[in-house]
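1. dropping a prediction and its sequence here:
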Amino acid sequence: MAETAMMAANRYRLKARAADGVIGARLAVELLAKTDRLLGVILLFNNLINAGAATLASVIAIELFGDDKWALGGGTLAVTFLILVFSEITPKVIGAAYADRIAPTISFALTPLLKAFNWVVGFVNLFVSALLALMHLRSATAETAPRLSAEELRVILLESGQFIPQKHKSILLNLFELEDITIEDVMTPRGKIEAIDIQAPIAQIREQLATSYHRRIPVYDGDPNNVIGILHQRRVLDALAGGEFTVESLRERLAQPYFVPGNTPVYTQLQYFQENRQRAALVVDEYGEIQGLVTLEDLIEEMIGKFTTDLPGGVARLQWDDAGSILVEGGRSLRELNHELGLDLPLDGPKTLNGLILEHFQDIPESGMSLKIADVQMEVVHTQDRRVKSVRLYRTPAP
């Protein structure tokens, strides 16, 4: 029982209980840090008891039945059965089932035994170490013990059940994905960026600022790729209120644009925002062309989920209708579709539904054309300006 309980006990749970001041858990952690000596003292007494039981059975059989070989054989079988049931199988089944409870308790007995017979265990371990050396192996220690990988931690979270609230579990699972997600996956595409052309009439700029729901707005000079700065709405309120708003005053209030490559991992971008005291960045491709805009809020939403408040005119939450279909924009992120609709669309290529469909057809599809990708039936509803504007998706029937 002791051997099975100690080896099957959850070491991380024992460490947590030891940190809370549970003495038995602390002793168990100390014993498990020296696995070779722990097993040595357990097996030493286990084998002594088994050998003693076999010897005692033989003596009793001889006393009762003399040198009868059938009596000795029967006694050996009886002792083997008793040892198997009461010393091996039953205790080990109990030890495996209640390892986390038994390990701290049994450690109170194992610790003094190990101290008292440390020299015997050490002597036996000399031969064990020599044998391991011949096989080019090392005994397990706290330093060589395997550490949990990210995937193993993910499985632990998924199997944690009611011990971790579902919302907290979702946040922790999202954190594991930050290294695999790039800002291309979470950015606002170029076609949806609200920007100001500084060459536009001043009245148009004023109206755009008055009706904008964004606090930070990119400002470009003629060409959308020629971004000259980022305007914070708060910086221009005084000029708008005082009637002194001009192109020159607008230029004076622009912050230096901050550009980042689209393949930057989300976790790395979070660090960049923190180190550079930035909250928004323009995403560019390898040629320097602007692909989109990413904000600190976008990255935070990737970790904790969408905020409950949306901007007026914002995109509604995705949901299948009663017929098992849904009409979505072509510019929708594939990751978002997978997450909210439970799909498995490929993410190793295009980032949007429009890009995925264009890649599939290798041409601009016409309205009404159908296709199937990753077991998802799709129908192109509307195309415009060489882009797929809207697509109807059909839910795959459950098998």
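-> Alright, I've got the coordinates. This one's a predicted model, so the numbers in the text were calculated from it and none came from an experiment.
2. could you look up the SS state of residue 367?
-> coil (DSSP: H, G, I helix; E, B strand; the rest coil).
3. give me the neighbour count for it.
-> The tally of other residues near residue 367 (other CB atoms under 10 Å) stands at 13. Every residue, glycine included, has its C-beta placed from N, CA and C.
4. that one contacts residue 388, correct?
-> No: under the criterion of CB atoms under 8 Å, residue 367 makes no contact with residue 388, lying 9.4 Å away.
5. mutual contacts of these two, please.
-> Counting by CB atoms under 8 Å, 6 or more residues apart in numbering, the contacts common to residue 367 and residue 388 are 380, 382.
6. kindly export the helix or strand encompassing residue 379 (C-alpha atoms) in PDB.
-> For residue 379, the enclosing helix or strand under DSSP states H and E is strand 376-384. Taking Å, rounded to 0.1, in the frame of the first residue of the first chain, the C-alpha atoms of strand 376-384 are listed here in PDB:
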ATOM      1  CA  VAL A 376     -18.800  23.000 -43.900                       C
ATOM      2  CA  GLN A 377     -21.200  23.700 -46.700                       C
ATOM      3  CA  MET A 378     -21.000  27.300 -47.900                       C
ATOM      4  CA  GLU A 379     -23.000  29.400 -50.400                       C
ATOM      5  CA  VAL A 380     -21.600  32.700 -51.800                       C
ATOM      6  CA  VAL A 381     -24.500  35.200 -51.400                       C
ATOM      7  CA  HIS A 382     -22.900  38.400 -52.500                       C
ATOM      8  CA  THR A 383     -19.600  39.500 -54.100                       C
ATOM      9  CA  GLN A 384     -18.500  43.100 -54.700                       C
END
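7. what sits up against that strand?
-> 327, 343, 345, 357, 364-372, 388-394, 396.
8. kindly recompute the last result at 10 Å.
-> By CB atoms under 10 Å, 6 or more residues apart in numbering, the surrounding residues in contact with strand 376-384 are 324-325, 327-330, 337-338, 341, 343-345, 353-354, 356-358, 360-361, 364-372, 388-396.
9. just those: which are in strands?
-> Helix and strand membership here follows DSSP state E; of the contacts of strand 376-384, those in strands are 325, 327-329, 370-372, 388-394.
10. between those residues, which sits nearest residue 88?
-> Using CB to CB, residue 372 is the member of these that lies nearest residue 88, at 57.3 Å.
11. any idea which helix or strand comes after the longest helix seen in the chain?
-> Longest helix in the chain by number of residues, with DSSP state H as the criterion: helix 35-65. Past helix 35-65, heading to the C-terminal end, the next element that is a helix or strand (DSSP H and E) is helix 69-82.
12. can you point out the buried residues in that next one?
-> By neighbour count with 16 or more other CB atoms under 10 Å, helix 69-82 contains the buried residues 71-72, 75, 79.
13. check stretch 364-374 too.
-> Residues of stretch 364-374 classed as buried: 365, 373 (neighbour count, 16+ other CB under 10 Å).
14. what do you get for stretch 381-388?
-> Buried residues in stretch 381-388, counting neighbours by 16+ other CB under 10 Å, are found at 381, 383, 387-388.
15. now do the end-to-end distance for it.
-> Across stretch 381-388, the straight-line distance between its terminal residues is 8 Å, by CA to CA, to the nearest Å.
16. show me this protein divided up by domain.
-> Segmentation of the chain into domains, based on automatic domain parsing, reads 2-147, 186-304, 325-394.
17. Throw those into JSON lines and include mean pLDDT and distance to residue 176, thanks.
-> Converted to JSON lines, those look like this (pLDDT from 0 to 100; distance: least, CB to CB, whole Å):
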{"stretch": "domain 2-147", "mean pLDDT": "80", "distance to residue 176": "15"}
{"stretch": "domain 186-304", "mean pLDDT": "85", "distance to residue 176": "10"}
{"stretch": "domain 325-394", "mean pLDDT": "87", "distance to residue 176": "14"}
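18. would you convert these into CSV that also reports distance to residue 156?
-> Compiled in CSV, those are given as follows (distance: least, CB to CB, whole Å):
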stretch, distance to residue 156
domain 2-147, 9
domain 186-304, 19
domain 325-394, 22
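19. all helices for the stretch 51-200 of the chain, in order.
-> With DSSP state H, counting those that start in this stretch as the criterion, the stretch 51-200 of the chain has helices at 69-82, 90-97, 99-116, 118-134, 150-158, 166-176, 183-186.
20. winner for burial among those?
-> Stretch with highest mean neighbour count among those: helix 183-186 (a mean of 22; mean count of other CB atoms under 10 Å).
21. does anything pack onto the longest helix of the chain? Which helices or strands?
-> helix 2-8, helix 23-32, helix 69-82, helix 99-116, helix 118-134 (3 or more CB pairs under 10 Å, 6 or more residues apart in numbering; DSSP states H and E).
22. in a markdown table: the ones you listed, plus distance to residue 229.
-> Formatted as a markdown table, the helices and strands packed on helix 35-65 follow (distance: least, CB to CB, whole Å):
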| stretch | distance to residue 229 |
| --- | --- |
| helix 2-8 | 62 |
| helix 23-32 | 57 |
| helix 69-82 | 86 |
| helix 99-116 | 59 |
| helix 118-134 | 67 |
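23. and the gap between the closest residue to residue 6 other than its chain neighbours and residue 15?
-> Once flanking residues are discounted, residue 6 sits nearest to residue 103: 5.4 Å by CB to CB, 6 or more residues apart in numbering. In this view, residue 103 and residue 15 are 12 Å apart by CB to CB, to the nearest Å.
24. which neighbours do those two share?
-> By the contact definition CB under 10 Å, 6+ apart, residue 103 and residue 15 are jointly contacted by 25, 28-29, 32.
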